[in-house]
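Undergrad: Predicted coordinates and the sequence they were generated for:
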Amino acid sequence: MGTPNEHTPRILIVDDEKIFRSVTAQTMSEEGFEVTEAANGTEAMAFIHEQTFNIALLDIRMEEFDGLETLKYIRKHSPDTECMILTGYAEIGIALSAMKFGAREFLTKPISNEELIQRVKSVWNAHLAEMRLKDIQTRFNSQILNDLLTPLNAIKRAVDHISRSDARSGQEKYESVFQTIITTIGNMETMLNDMIDLTMYEADRVGIERVPTNFDELVPAVCTQYNSRIAEQKINLKVDISPGISTVEVDPEKIQRVMKHLIENALDHTPRGGSMVIQVSPTSQICNGKMTECVEVSITDSRAQILKGELLLVFDKYKDVLTHRHTDASVNGLRLPICKSIIEAHNGTISAESEEGKGCTFTFCIPIEQ
């Protein structure tokens, strides 16, 4: 079976009332579903082994196997099938049991065609969304594994080269090979650490140790760490600190990490001889429904314009999968999502904007009062 949107959605209608079953089948067929009818649970179970269904609409009161027994059977043998319980008995106990066994919806008869169509389509759309997310997650995990396998293969080739070489010929010629191995291992360590860190942030398992921090000192201090690279790339850097910047209680180590990631991102994409402007200024924004005083930090560079579609996903860890682009060998592919997680952990916001001829600006704001 392919992805859900590669075929007409299939629905299995299980009901011992022939007239209701036939009318419902006709209704769903007219709505574009491929319909199979079963008069009882036994027939339904047989159909489950013959083909794959996206949705099963199950009546509760049936002879032999009732709706709940059929539900449990379907969930066991066809876990990707979404099950909807339909019954004339609006009993809370039955509804709770149905949900416990994995039903997505609990509907009561009588039900209008319009409501039935709406509820079935709602389940189908939710199913499509979940399958799409699973597909993205699978491709993302596959990409991460591939990114780790690539440097591993490079190490293997380097080691094979050394093992095949004449050991008596001297060690000098191996220096470049050893350096390649060291660099490759470093890249792998970076990817693994970033993946672990992002997972911890997403699980809300990273503590924020707040201490009073002066951004007018922190930001210039981080910038000086890149003086040699900025000089090497002949980049014109301007650091603009507004007077009177308030002290903010943040985790300085994590905010420095955000600054480093954003500066490195700018340096990676700014052309040689380009420009960068880093600004720290007071601002205000709505936070929890009220206007809040914040410290704002922005990093503007002179790179080419980021297209709107990519800009919307720039902080999304699935960006490369969704845009079908793979850049930087994923060594730094999780840095921007990590920045977003850190800033949001400080109750702040982070954004990016880009215009043709104006480069790109990354901005984050952190409330002064937490």
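TA: Everything's here; your move.
Undergrad: what stretches of the stretch 101-250 of the chain score poorly on pLDDT?
TA: 136-149, 158-175, 177 (pLDDT under 70).
Undergrad: Show me where it has its strands.
TA: Under the criterion DSSP state E, counting those that start in this stretch, strands of the stretch 101-250 of the chain are mapped to 103-108, 211-213, 236-241, 248-250.
Undergrad: Would you format those strands as TSV with distance to residue 229 and mean neighbour count included?
TA: Using the backbone N, CA and C atoms, a C-beta is placed for each residue, glycine as well. Output for the strands of the stretch 101-250 of the chain, formatted as TSV (distance: least, C-beta to C-beta, whole Å; neighbours: other C-beta atoms under 10 Å):
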stretch	distance to residue 229	mean neighbour count
strand 103-108	54	19
strand 211-213	25	13
strand 236-241	10	14
strand 248-250	26	23
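Undergrad: Let me have those in JSON lines, extended by distance to residue 15.
TA: Shown next, in JSON lines, are the strands of the stretch 101-250 of the chain (distance: least, C-beta to C-beta, whole Å):
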{"stretch": "strand 103-108", "distance to residue 15": "12"}
{"stretch": "strand 211-213", "distance to residue 15": "65"}
{"stretch": "strand 236-241", "distance to residue 15": "71"}
{"stretch": "strand 248-250", "distance to residue 15": "60"}
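Undergrad: Of the ones you listed, which is nearest residue 365?
TA: Across these, residue 365 has its closest neighbour in strand 248-250 (10.5 Å, C-beta to C-beta).
Undergrad: ok, now how distant is residue 65 from residue 43?
TA: 10 Å (C-beta to C-beta, to the nearest Å).
Undergrad: and what of residue 270?
TA: Relative to residue 43, and taking C-beta to C-beta, residue 270 is found at 66 Å.
Undergrad: neighbour-wise, which of these two wins?
TA: residue 270 (23 against 18; other C-beta atoms under 10 Å).
Undergrad: for the nearest residue to the more buried one once chain neighbours are set aside, what are its contacts?
TA: Computed as C-beta to C-beta, 6 or more residues apart in numbering, the closest residue to residue 270 that is not its neighbour in sequence is residue 301, at 4.4 Å. Applying C-beta atoms under 8 Å, 6 or more residues apart in numbering to residue 301 gives the contacts 266-267, 269-270, 274-276, 359-361.
Undergrad: same deal with residue 58?
TA: 14-15, 44, 67, 70-71, 74, 83-86, 103.
Undergrad: what are the bridge partners for it, then?
TA: residue 14, residue 85 (DSSP bridges).
Undergrad: pLDDT score for it?
TA: The confidence metric pLDDT takes the value 90 at residue 58.
Undergrad: in stretch 218-236, what counts as buried?
TA: 218-219, 222-223, 226, 230, 233, 235 (16 or more other C-beta atoms under 10 Å).
Undergrad: Oh, that last question was meant for stretch 257-264, not what I typed.
TA: 257-263.
Undergrad: So what does residue 368 look like in phi/psi?
TA: phi -70, psi -40 (degrees, to the nearest 10).
Undergrad: Now do the contacts for it.
TA: Residue 368 sits next to 246, 248, 292-295 when contact means C-beta under 8 Å, 6+ apart.
Undergrad: and if you look at residue 218?
TA: Per C-beta under 8 Å, 6+ apart, neighbours of residue 218: 252, 255-256, 259.
Undergrad: contacting residues around stretch 116-131?
TA: 3-5, 9, 11, 24, 27-28, 31, 33, 54-55, 57, 82, 84, 104-105, 107.
Undergrad: try it again with 10 Å
TA: Outside stretch 116-131, the residues that touch it by C-beta atoms under 10 Å, 6 or more residues apart in numbering are 3-5, 9, 11, 24, 27-28, 30-33, 54-55, 57, 80-84, 86, 104-107, 109, 111-112.
Undergrad: quick revisit: mutual contacts of residue 65 and residue 43, please.
TA: Counting by C-beta under 10 Å, 6+ apart, the residues touching both residue 65 and residue 43 are residue 14.
Undergrad: Against residue 80, how distant is the nearest residue to residue 247 once chain neighbours are set aside?
TA: In this structure, residue 247 finds its nearest non-sequential neighbour in residue 212, 4.9 Å apart by C-beta to C-beta, 6+ apart. Remark: distance between residue 212 and residue 80 (C-beta to C-beta) = 53 Å.
Undergrad: Kindly report the same for residue 40.
TA: 23 Å.
Undergrad: Please narrow the buried residues of stretch 218-236 to those residing in helices.
TA: 218-219, 222-223, 230 (DSSP state H).
Undergrad: Now flag whichever of the residues you listed is closest to residue 185.
TA: Ranked by distance to residue 185 (C-beta to C-beta), these are led by residue 222 at 26.1 Å.
Undergrad: show me what contacts the closest one?
TA: Contacts of residue 222 (C-beta under 10 Å, 6+ apart): 239, 255-260, 262-263, 278.
Undergrad: try residue 22
TA: Here residue 22 is in contact with 13, 15, 37 (criterion: C-beta under 10 Å, 6+ apart).
Undergrad: Now do it, the pLDDT please.
TA: Looking at residue 22, its pLDDT reads 92.
Undergrad: List the buried residues of the helix or strand harbouring it.
TA: Element membership of residue 22 [criterion: DSSP states H and E] is helix 18-30. If you call a residue buried by 16+ other C-beta under 10 Å, then helix 18-30 has these buried ones: 20-21, 24-25, 27-28.
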